[in-house]
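# Just to be clear, the model below is a prediction. Sequence and coordinates:
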Amino acid sequence: MTGRMRTTLLLAPAGTWFLVMLLLPLTVVLIFSFGERAPAGGVVPAFTFEQYANLPARWTAFKNTLTLAPVGTLASLLIAYPLAYFLAVKASPKWKTILLVLVIVPFWTSILIRSYAWIFLLGGRGIPALLEWVGIEGVRLINTPFAVLVGIIYGYLPLMVFPIYVSLDRLDKRLLEASSDLGATRWNTFRQITLPLSIPGIATGCMLVFILLMGEFLIPALLGGGKVFFVGNALVDLFLQSRNWAYGSAVAVTLVIVMLITVTVYMRLINRLGATREDVSIM
Amino acid sequence: MNVGGYRTGEAAVGKTVIAELRNVSKRFGDVVAARDLNLSIGEGEFLSFLGPSGCGKTTALRILAGFEAPSEGEVLLDGEVVNSLEAHRRPVNMVFQHYALFPHMTVAQNIGYGLRQQRPRLAKATIAEKVGKALDVVRLSDFEDRRIWEMSGGQQQRVALARAIVNEPKLLLLDEPMAALDRKLRKEMQIELQNLQRKLGITFVLVTHDQEEALSMSDRICIMRAGRIVQIGAPQDLYDRPNSRYVAGFVGSSNFFDGEIIGQNGALVSVRLADGRVVEGTPTGTLSRDQNVCISVRPEQMKLTRKADGVAVEVRNRIFLGEHTEYLVASETLGEFLVLSPRQSELNDGPFEAGDKLFVNWEANSALVLDRN
Ligand SMILES: Nc1ncnc2c1ncn2[C@@H]1O[C@H](COP(=O)(O)OP(=O)(O)OP(=O)(O)O)[C@@H](O)[C@H]1O
Ligand SMILES: [Mg+2]
């Protein structure tokens, strides 16, 4: 068997999966998006840009997604990095495993249930009640962008922690000693050695969280209470409630395009950052 | 009996002491990695730590570098106690065993790293100039923009060296820097390192478990065993006057015959060997009468002859080495040992073949009486 044949064979399952499960539905959605709404819901085949012309009506959803997804990613990163750093560098080996498991534990229950917990915590009888008790009144948390952000950080933190943890854990500790030996203070060692060498982890974590956040609908639905909604919520609404498949498809296609553009720009940025350090380029 | 006027702890005469360990011990939990180390290092000296794996060489080096704080005792640099001075504040640089080069930086960036940490900041041009010089010294001028992984093992080693010497440290610590190199390259690097040390006048402390490397490069060697320093001295001293069987076996090779002290005759002591024969030898180290001792005779100091003079032996094996011929001989009472016979005596007495019944003798002053451990 030639090397090329073997490669083809090995790639066949993934290739087929990609084709059938991803490209096919995407094509269907693309075709739908040029159609018209059927009177009883669903779609009537056509070739019209009417649905795309209507997109501005859902502008808020796009605006919310495109602000809260990057902000959420950044906030997760800022919280996850010190945590991952602690786990990889500071924690004793004995505690490391336990702490790592604790980071995953939330994944053992459904995000739905965990979000309900947050509804309670952020709701009238939760944190605001506590604040009132110490004299701070009139704080509203639930159904605000802040609540959604809290939910996002909570839900996506492990996804951010793990890749960063891995890259920090793999970091050769002797490099840190070498840096210190050459006269660098702790902070300068972190800035010049640790941080640059953990960029692959940061890049992977951010990419993962950002892409998933762009399609998020559960957290805004539960913690945003219909006031802070994402494109994902618009899609749920259009496909399941108003059964306007054609318009929904147009929104979906637009989301995919927006995502492609942002991810491409992001990759460019990361690769430029890694252009001087080949081992750092991602994927 | 306390014989032997050689120095151990003090730095070579006439040199300023730049680093010193005083009663330094280091424990890791239950493991004692270093016990009661006493050592002074003179300016411009080339000192080696030699010992088997796990004997505490790296630990001693890391204590000097500031990566480990001693559990007991004091570390002095330039006469000041620096026990709690952090590594990045010490005028000491280290070449790590596996180089620890920064993978995200070029060769030049790696070398300039230490210079970039200096405060007040050095001018960019100054840094570039010093890096250029260091590259010259290690003969890597054409490689400044290379990535680390594009360099061979020997080249990486030189980058690591340049990265350390560019800072002009008072003390350069090298932890088995040549362990990863093949034999030929190692020889070359040893010579380069020695030249470099002479040229720069930096004090070198080298860790190695290769006795040849230690013997050929060092001004003084510090022999370690299980966390302790057992002897410090010039290579020649250690070879001629080892203070124990351990050191004699570690520096060069030697034949040992167990025995007991039965008397003293001036500077020499008489030892009764296992076969009842009484021989004399020069004692080294501190010996007492009831101590278990052994006689140590270097293979090249033994004479092989057909005349009935000395220990009766039978030749087991002959290896022609050019200048010398090595014989493995066996005595009924003393067991097997090696004799190195110079070419000239071979020519006089005729070559000896395996199976020949011969005699081995040696001068009393070439035999050493050593502690058996
Ligand atoms: N961080 C540590 N924690 C626990 N024990 C240690 C630590 N560092 C060293 N040791 C122990 O101390 C002893 C001396 O170790 P060290 O690294 O100094 O040996 P070495 O002479 O450099 O050996 P090698 O030639 O193999 O490098 C060993 O028994 C080792 O297991
Ligand atoms: Mg070591």
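Ah, there it is. Fair warning: this is a prediction, and the values are worked out from it, not measured in the lab. Ligands and ions are numbered 1, 2, ... in the order given.
# list the contacts for A:Val265?
By C-beta atoms under 8 Å, 6 or more residues apart in numbering or on different chains, the contact set of A:Val265 is empty. To be clear about C-beta, it is placed using only N, CA and C from the backbone, and glycine gets the same treatment.
# ok, which residues in chain B are in contact with ligand 1?
Chain B comes close to ligand 1 at residues B:28, B:31, B:33, B:51, B:53-59, B:209, as judged by C-beta under 6 Å from any ligand atom.
# Tabulate those (a markdown table), appending neighbour count and secondary structure.
Formatted as a markdown table, the residues of chain B next to ligand 1 follow (neighbours: other C-beta atoms under 10 Å in any protein chain shown; DSSP: H, G, I helix; E, B strand; the rest coil):
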| residue | neighbour count | secondary structure |
| --- | --- | --- |
| B:Phe28 | 11 | strand |
| B:Val31 | 11 | strand |
| B:Ala33 | 21 | strand |
| B:Gly51 | 27 | coil |
| B:Ser53 | 7 | coil |
| B:Gly54 | 13 | coil |
| B:Cys55 | 22 | coil |
| B:Gly56 | 24 | coil |
| B:Lys57 | 25 | helix |
| B:Thr58 | 21 | helix |
| B:Thr59 | 25 | helix |
| B:His209 | 18 | coil |
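# so where's chain A shaky on pLDDT?
Counting by pLDDT under 70, the ranges of chain A that qualify are A:1, A:274-283.
# Show me where it has its strands.
In chain A, the segments counted as strands under DSSP state E are A:36-37, A:43-44.
# again, but for the stretch 51-200 of chain B
Using DSSP state E, counting those that start in this stretch, the strands of the stretch 51-200 of chain B run over residues B:72-77, B:80-81, B:92-95, B:171-175.
# ok, and what's touching the shortest one?
Residues lying outside strand B:80-81 but in contact with it, judged by C-beta under 8 Å, 6+ apart, are B:74-75.
# Return the list of strands paired to that strand, each annotated with direction.
strand B:72-77 (antiparallel) (DSSP bridges).
# Which stretch among the strands of the stretch 51-200 of chain B is buried most, on average?
strand B:92-95 (a mean of 27; mean count of other C-beta atoms under 10 Å in any protein chain shown).
# Could you check which residue of the stretch 151-300 of chain B lies nearest ligand 1?
B:His209 (5.1 Å; C-beta to the nearest ligand atom).
# out of all of them, which helix in the chain is the longest?
Looking at chain A here, since you left the chain open. helix A:245-273 (DSSP state H).
# wait, chain B
helix B:183-200.
# and the angle for the following helix or strand past that helix with helix B:183-200?
Sequence-wise, the next helix or strand downstream of helix B:183-200 (DSSP states H and E) is strand B:203-208. Angle, strand B:203-208 to helix B:183-200, by axes from the mean of the first three to the mean of the last three C-alpha atoms, to 10 degrees: 160 degrees.
# need the next SSE after strand B:203-208, C-terminal direction.
Strand B:203-208 is succeeded, C-terminally, by helix B:211-217 (DSSP H and E).
# Against which helices or strands is that following helix packed?
With contacts defined as 3 or more C-beta pairs under 8 Å, 6 or more residues apart in numbering or on different chains; DSSP states H and E, helix B:211-217 has these neighbours: strand B:46-50, helix B:183-200, strand B:203-208, helix B:235-240.
# now for those, which one comes closest to chain A?
Nearest to chain A among the helices and strands packed on helix B:211-217 is strand B:203-208; the distance by C-beta to the nearest C-beta comes to 13.6 Å.
# Which residue does the stretch 251-373 of chain B have closest to chain A?
B:Val251 (30.4 Å).
# Contact partners for the nearest residue to that residue once chain neighbours are set aside?
With sequence-adjacent residues excluded and distances taken as C-beta to C-beta, 6 or more residues apart in numbering or on different chains, B:Val251 is closest to B:Leu238, at 4.6 Å. For B:Leu238, the contacting residues are B:221, B:223, B:231, B:247, B:251, by C-beta under 8 Å, 6+ apart.
# which one of the residues you listed sits closest to A:Arg268?
B:Ile221 (57.2 Å; C-beta to C-beta).
# thought B:Glu213 was touching B:Ile191?
No. Using C-beta atoms under 8 Å, B:Glu213 is not in contact with B:Ile191; the gap is 11.2 Å.
# which parts of the longest helix of chain A are buried?
Of the residues in helix A:245-273, A:245-255, A:259, A:262, A:266, A:270, A:273 count as buried by neighbour count, 16 or more other C-beta atoms under 10 Å in any protein chain shown.
# So which residue is dead centre in chain A?
By C-alpha atoms, centre = their mean, chain A has its centre lying nearest to A:Val209, at 2.4 Å.
# That one and chain B, how far apart?
For A:Val209, the distance to chain B (C-beta to the nearest C-beta, to the nearest Å) stands at 24 Å.
# Looking at the strands of chain A, spot the one closest to chain B.
strand A:43-44 (52.0 Å).
# what does that closest one contact?
A:32, A:35-38, A:245-246, A:249.
# and what of stretch B:183-197?
Identification of contacts with stretch B:183-197 by C-beta under 8 Å, 6+ apart yields B:46, B:137-138, B:153-154, B:157-158, B:161, B:165, B:174, B:177-178, B:181, B:204, B:213, B:216-217.
# can you do 7 Å?
B:46, B:137, B:154, B:157, B:178, B:181, B:204, B:213, B:216-217 (C-beta atoms under 7 Å, 6 or more residues apart in numbering or on different chains).
# quick revisit: quick check: which of the helices and strands packed on helix B:211-217 is nearest to A:Ala12?
Between A:Ala12 and the helices and strands packed on helix B:211-217, the shortest gap by C-beta to C-beta is with helix B:183-200, which sits at 47.2 Å.
# Flag every buried residue along that closest one.
Buried, per 16+ other C-beta under 10 Å, within helix B:183-200: B:186, B:189-190, B:192-193, B:196-197.
# swap in stretch B:265-283?
Buried residues in stretch B:265-283 (16+ other C-beta under 10 Å): B:268-271, B:273, B:279-283.
# And for stretch A:224-241?
If you call a residue buried by 16+ other C-beta under 10 Å, then stretch A:224-241 has these buried ones: A:224-225, A:228-239.
# same thing with stretch B:137-157?
Buried, per 16+ other C-beta under 10 Å, within stretch B:137-157: B:137-138, B:140, B:143-144, B:147-148, B:151, B:154-157.
# can the contacts of stretch B:183-197 go into CSV with extra columns for pLDDT?
Output for the contacts of stretch B:183-197, formatted as CSV (pLDDT from 0 to 100):
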residue, pLDDT
B:Phe46, 94
B:Val137, 85
B:Gly154, 85
B:Gln157, 89
B:Met178, 84
B:Leu181, 77
B:Phe204, 95
B:Glu213, 89
B:Ser216, 89
B:Met217, 90
